[in-house]
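Colleague: Show me the folded form of this:
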Amino acid sequence: MEQTEFKKQYVKEILGINEEFKSIFTFIDFGNVNHWFEEDRQDSDHNALPEGEKLIIDIKKLKEFTNLFSDDTRFYYGHDPANPRSIGFIKVAREFFGKSRVFTKPIQKIKHYLNNDNDVKANTRDLFQDYEGTFVKIPKCNFDVEMSVDAIRLMGHYKTFCLLSSDADFVHLARYLKGEEKKIVLIKGGHVIHQLKEIADLVVNAQDVKKYIAVNSKDLAVKPGLADSKPESTGRYH
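Modeller: The predicted structure is shown next:
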């Protein structure tokens, strides 16, 4: 058995993907995935992370990981037209996933008003003011509609729908796909609404695949083209 085939078999066994899960299409809600490990204080080998270091998603490793079990992978993430790093990140994503498999649209900036002095003191974003008060601009860019439309449009090409997200907005999609006799694989980070977990045929905790898709921020910084293009966090408002 070739090394690649052996790795595919090993990873499928680790994930619990058996022969029942055939022709898998994977949909990555990267606005959600991007935050999976941001609060982790240990790496995949359970070593403590030094102060100032953190785990981030390496999109090259992410693509290599989904290649091990998926027939097709689609990547959804918003961009900020005014931020060269954001545009650069989308360019790099297209290099790894393919131009026709990366789906993006401009991020919208939503006003979020701060209620009191404590909110202002705790805030780390730029502050703005208008006649209603002090506010920050929260980036927002949901892809649940685009991903749902694509998942339904492509139903004839796959037997298993694999979702990388923890977003409750996908409950209705998952329920519909189950009604169409599709299997559901959910790879999730952190809390996920119980209705989504109950619909899924297989639920994989992101911590169990951390070693395949995450790297230390200092290690990513030495990879040409990735560190310079990595966009700043857009918060948990996707």
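Colleague: Any regions of the chain where pLDDT drops low?
Modeller: Filtered on pLDDT under 70, the chain yields the residue ranges 1, 112, 120-121, 123-124, 135, 137-139, 220-238.
Colleague: where along it do the strands fall?
Modeller: Assigned by DSSP state E, the strands in the chain fall at 24-29, 55-57, 72-76, 102-103, 108-113, 128-130, 133-140, 160-164, 183-188, 202-205, 214-216.
Colleague: ok, the shortest one: who's next to it in the sheet?
Modeller: Within its sheet, strand 102-103 is paired with strand 72-76 (parallel), according to DSSP bridges.
Colleague: re the thing from before, for residue 47, find the nearest of the strands of the chain.
Modeller: Nearest to residue 47 among the strands of the chain is strand 214-216; the distance by C-beta to C-beta comes to 9.8 Å. Every C-beta, even on glycine, is put in place using the N, C-alpha and C of the backbone.
Colleague: Show me what that closest one is in contact with.
Modeller: By C-beta atoms under 8 Å, 6 or more residues apart in numbering, the residues outside strand 214-216 that reach it are 36-37, 43-44, 49, 53-58, 61.
Colleague: Check which strands are paired with it and give the direction for each one.
Modeller: strand 55-57 (antiparallel).
Colleague: returning to what we had before: from the contacts of strand 214-216, list just the buried residues.
Modeller: 36-37, 43-44, 49, 54-58, 61 (16 or more other C-beta atoms under 10 Å).
Colleague: With distance to residue 20 as extra columns, can I get the contacts of strand 214-216 in a markdown table?
Modeller: Output for these, formatted as a markdown table (distance: C-beta to C-beta, whole Å):
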| residue | distance to residue 20 |
| --- | --- |
| 36 | 26 |
| 37 | 29 |
| 43 | 33 |
| 44 | 28 |
| 49 | 37 |
| 53 | 40 |
| 54 | 37 |
| 55 | 32 |
| 56 | 33 |
| 57 | 28 |
| 58 | 30 |
| 61 | 27 |
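Colleague: so how far is residue 97 from the spatially closest residue to residue 150 that is not a sequence neighbour?
Modeller: Spatial nearest neighbour of residue 150, excluding adjacent residues (C-beta to C-beta, 6 or more residues apart in numbering): residue 74 at 6.6 Å. For residue 74, the distance to residue 97 equals 8 Å [C-beta to C-beta, to the nearest Å].
Colleague: what does residue 150 give?
Modeller: Distance from residue 150 to residue 97, by C-beta to C-beta: 14 Å.
Colleague: Compare those two and say which one has the larger neighbour count.
Modeller: Neighbours were counted for residue 150 and for residue 97 using other C-beta atoms under 10 Å; residue 97 has more, 20 against 16.
Colleague: winner for burial among the strands of the chain?
Modeller: strand 160-164 (a mean of 26; mean count of other C-beta atoms under 10 Å).
Colleague: angle of that strand against strand 72-76?
Modeller: Counting by axes from the mean of the first three to the mean of the last three C-alpha atoms, to 10 degrees, strand 160-164 lies at 30 degrees to strand 72-76.
Colleague: nearest to residue 92, of the strands of the chain?
Modeller: Closest among the strands of the chain, using C-beta to C-beta: strand 102-103, at 9.7 Å.
Colleague: who touches residue 15 in this structure?
Modeller: Counting by C-beta under 8 Å, 6+ apart, residue 15 has contacts 69, 185, 202, 204, 208-209.
Colleague: Other residues contacting stretch 171-182?
Modeller: 144, 147-148, 151-152, 155, 158-161, 163, 184, 186, 193, 195-196, 199-200.
Colleague: mind running it again at 6 Å?
Modeller: 148, 161, 184, 195-196, 199 (C-beta atoms under 6 Å, 6 or more residues apart in numbering).
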